[in-house]
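Visitor: sequence and predicted model, in that order:
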Amino acid sequence: MTSLPRHQRVIISLSLHILRAAMVRSGEMRVDAVEVRLALRCLLPHCPERWPLELFWDSAGQDNEIGRAQGTTAAFNGIVRQLRLAGRHED
C-alpha cells in the first residue's frame, strides 16, 4: 500500500464505509444523499478513473429499485478495485 498520511487512510476508509452502507440500502430507497456525494468527492483524487464514481452517483438517484441496487453494487466494486490497483486500499 502506498504510504499515505493517516488522515488520508481514515478518509478513504470512512468514505468506503458510507458507500457500502448506501449500497446496502439502495435496494429499498434512493441513496443520492449529501453524505454519499461527499464520500465520492473524497475518493476522487485516489481513483485513476472516474467512471465508477460517476456510475455510483447516477445509480444512487434512480427510481427503479433493481437498477439502483445493481448499479451501486457494480460501481462500489469498481471503486474498490480502482483503490486497490492504485495502492490506496487493502482489506
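Guide: That came in fine, so what should we check first? Quick caveat: nothing in here was measured; it's all calculated off a predicted structure.
Visitor: mean confidence for stretch 39-49?
Guide: Per-region confidence: stretch 39-49 scores 97 on mean pLDDT.
Visitor: contacts for it?
Guide: With contacts defined as Cβ atoms under 8 Å, 6 or more residues apart in numbering, stretch 39-49 is touched by 11-12, 14-16, 18-19, 22, 50, 53, 56-57, 79, 82-83, 85-86, 88. The C-beta positions use only the backbone N, C-alpha and C, and glycine is treated the same way.
Visitor: run the chain-centre distance for it.
Guide: The chain centroid and the centroid of stretch 39-49 are separated by 8 Å, computed with Cα atoms, centre = their mean, to the nearest Å.
Visitor: re the thing from before, among the contacts of stretch 39-49, which ones are buried?
Guide: Neighbour counting by 16 or more other Cβ atoms under 10 Å classes 11-12, 15-16, 18-19, 22, 53, 56-57, 79, 82-83, 88 among the contacts of stretch 39-49 as buried.
Visitor: is it possible to export these to TSV including secondary structure and distance to residue 73?
Guide: As requested, the buried ones among the contacts of stretch 39-49 are exported to TSV (DSSP: H, G, I helix; E, B strand; the rest coil; distance: Cβ to Cβ, whole Å):
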residue	secondary structure	distance to residue 73
11	helix	23
12	helix	19
15	helix	17
16	helix	14
18	helix	15
19	helix	11
22	helix	11
53	helix	14
56	helix	10
57	helix	14
79	helix	11
82	helix	15
83	helix	16
88	coil	20
